[in-house]
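Asker: Using only what follows, build the 3D model:
(one chain, ligands or ions: 2)
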Amino acid sequence: MKRILVTGGAGFIGSHLCERLLNEGNEVICLDNYFTGSKTNVVHLMDHPYFELIRHDVTHPFFIEVDQIYNLACPASPVHYQYNPIKTIKTSVMGAINMLGLAKRIKARILQASTSEVYGDPIVHPQKESYWGNVNPIGQRSCYDEGKRCAETLFMDYRLQNNVDIKIIRIFNTYGPHMNPNDGRVVSNFIVQALKGEDITIYGDGTQTRSFQYVDDLLEGMIRMMNSRDGFWGPVNVGNPIEFTMLELAELVIKLTNSKSKIIHLPLPQDDPTQRQPDITLAKKELNGWEPKVKLEQGLVKTIQYFDGLLG
Ligand code: NAD
Ligand code: UDP
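Answerer: Ligands and ions are numbered 1, 2, ... in the order given. The predicted structure follows:
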């Protein structure tokens, strides 16, 4: 049994991770300030004898004894991370410094939930880890993209300078149950709109692409990375390489929900990446042949069931 700290543990991905780590026989400490996460995401874990929930903001130092730290605290949806951009960048940068400082002191292994956004609006396609990206440092998305890039730098420097045992994964668009219905990300928006019979809002002409990964596939990759061999710290892409346009996604959601919703087009937000697809060669090699198993249609059906229950 390991003692594991999950920052951002009451969020969408964090809540699934806490549950899975508990099911695997670990003790889990979930730390969250509830900015975008919620106690309702982890309420079913409260009675577990090895689960502990702590309200804390990672921009402030935190002291605890654990074996492993998963650093997930950070709003991930453009709507939420742009709401208070200074706080977003503080969360990424000061959160990384505080958690790396903790890892250094207690000699814990620490994994950073980085993002495909470090590639910005990529010119190289699909994206390999060796690509440095195409990021606007002064745009609306910069607080998130540059915060996450700086966090990667901090992770690498703590390894070099202080020998901290780090792991970095670059997560590509992930979806599933426990997404916040007001999250603003495309999968939750389209499903909620389709279930309510509201217009499906495509930003721009809908030809931009994303590669959608179901949350269970991400968890498998993330946990394999945390427990990967000494001497491998990444960064490693964890995502589903099958790429869809937003138009294709909208049509699939309408079909699966049997909805009468109509598609409408709204303006494309600033710096919205036109295409995104992970090259997962490195993940396959280093993470024991890891690859995504859940097809978009299967994952959407499970996510639709969740939102259907939530919306009543
Ligand atoms: P989410 O918004 O559901 O979860 C983030 C959690 O962090 C929330 O519970 C929030 O309350 C908490 N949080 C935010 N600021 C905090 C702070 N200052 N102190 C403590 N807690 C704080 O988002 P998610 O999709 O679950 O993302 C989790 C992590 O994975 C994030 O770091 C995100 O950048 C990364 N990621 C997610 C995706 C994706 O597609 N979902 C893609 C790439 C990277
Ligand atoms: N998007 C959309 N309609 C929505 C929400 C998002 O067309 O209601 C588009 C958005 O412009 C982007 C893609 O869907 O091109 C993915 O957006 P999301 O916010 O989910 O993630 P990110 O842009 O961070 O990959």
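Asker: Quick check: buried residues in stretch 23-32?
Answerer: 26-32 (16 or more other C-beta atoms under 10 Å). All C-beta atoms are positioned from the backbone trio N, CA, C, and that covers glycine.
Asker: can you count the residues close to the closest residue to residue 270 other than its chain neighbours?
Answerer: The spatially closest residue to residue 270, leaving aside those adjacent along the chain, is residue 140, at 4.9 Å (C-beta to C-beta, 6 or more residues apart in numbering). Residue 140: 16 surrounding residues under other C-beta atoms under 10 Å.
Asker: what's near enough to touch residue 140?
Answerer: Residue 140 makes contact with 78, 82, 85, 269-271, according to C-beta atoms under 8 Å, 6 or more residues apart in numbering.
Asker: what does residue 281 give?
Answerer: Contact partners of residue 281, counting by C-beta under 8 Å, 6+ apart, are residue 128.
Asker: let's see 10 Å
Answerer: Residue 281 is in contact with 126, 128-129, 236-237, 241, counting by C-beta atoms under 10 Å, 6 or more residues apart in numbering.
Asker: before we move on, the earlier item: out of the contacts of residue 140, which is most surrounded?
Answerer: When neighbours are counted as other C-beta under 10 Å, the busiest of the contacts of residue 140 turns out to be residue 78, with 20 neighbours.
Asker: per-residue pLDDT, that residue?
Answerer: The score at residue 78 is 92. That number is its pLDDT.
Asker: same question, the one 10 residues further on
Answerer: For residue 88, the model assigns a pLDDT of 98.
Asker: Wasn't it part of a helix?
Answerer: Yes. Counting by DSSP: H, G, I helix; E, B strand; the rest coil, residue 88 is located in a helix.
Asker: Go ahead and confirm it touches residue 75.
Answerer: Yes. The pair residue 88 and residue 75 qualifies as a contact (C-beta atoms under 10 Å) at a distance of 6.1 Å.
Asker: overlap in contacts of these two?
Answerer: Shared between the contact lists of residue 88 and residue 75 (criterion: C-beta under 10 Å, 6+ apart) are residues 35, 81-82, 143-144.
Asker: just to revisit the earlier point, narrow the contacts of residue 281 to just the buried residues.
Answerer: Among the contacts of residue 281, those scoring as buried are 126, 129, 236-237, 241 (criterion: 16+ other C-beta under 10 Å).
Asker: Now secondary structure and distance to ligand 2 too, for those, in a markdown table please.
Answerer: Formatted as a markdown table, those follow (DSSP: H, G, I helix; E, B strand; the rest coil; distance: C-beta to the nearest ligand atom, whole Å):
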| residue | secondary structure | distance to ligand 2 |
| --- | --- | --- |
| 126 | coil | 15 |
| 129 | coil | 18 |
| 236 | strand | 19 |
| 237 | strand | 14 |
| 241 | coil | 15 |
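Asker: Redo those as JSON lines? Include distance to ligand 1 and pLDDT.
Answerer: Output for those, formatted as JSON lines (distance: C-beta to the nearest ligand atom, whole Å; pLDDT from 0 to 100):
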{"residue": "126", "distance to ligand 1": "16", "pLDDT": "94"}
{"residue": "129", "distance to ligand 1": "14", "pLDDT": "98"}
{"residue": "236", "distance to ligand 1": "13", "pLDDT": "98"}
{"residue": "237", "distance to ligand 1": "11", "pLDDT": "98"}
{"residue": "241", "distance to ligand 1": "15", "pLDDT": "96"}
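Asker: Please convert those to CSV, extending it with distance to residue 179.
Answerer: As requested, the buried ones among the contacts of residue 281 are arranged in CSV below (distance: C-beta to C-beta, whole Å):
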residue, distance to residue 179
126, 25
129, 26
236, 24
237, 21
241, 21
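Asker: which residues does residue 201 contact?
Answerer: Residue 201 sits next to 186, 189-190, 193, 246, 250, 261, 263-266 when contact means C-beta under 10 Å, 6+ apart.
Asker: Show me which residues of the stretch 1-150 of the chain sit near ligand 2.
Answerer: Taking C-beta under 6 Å from any ligand atom as the contact definition, the stretch 1-150 of the chain meets ligand 2 at 77-78.
Asker: and the residue of the stretch 201-312 of the chain found nearest ligand 2, what is it in contact with?
Answerer: Scanning the stretch 201-312 of the chain for the residue nearest ligand 2 gives residue 203, at 3.6 Å (criterion: C-beta to the nearest ligand atom). If you count contacts by C-beta under 10 Å, 6+ apart, residue 203 has them with 186, 189, 246, 265-269, 272.
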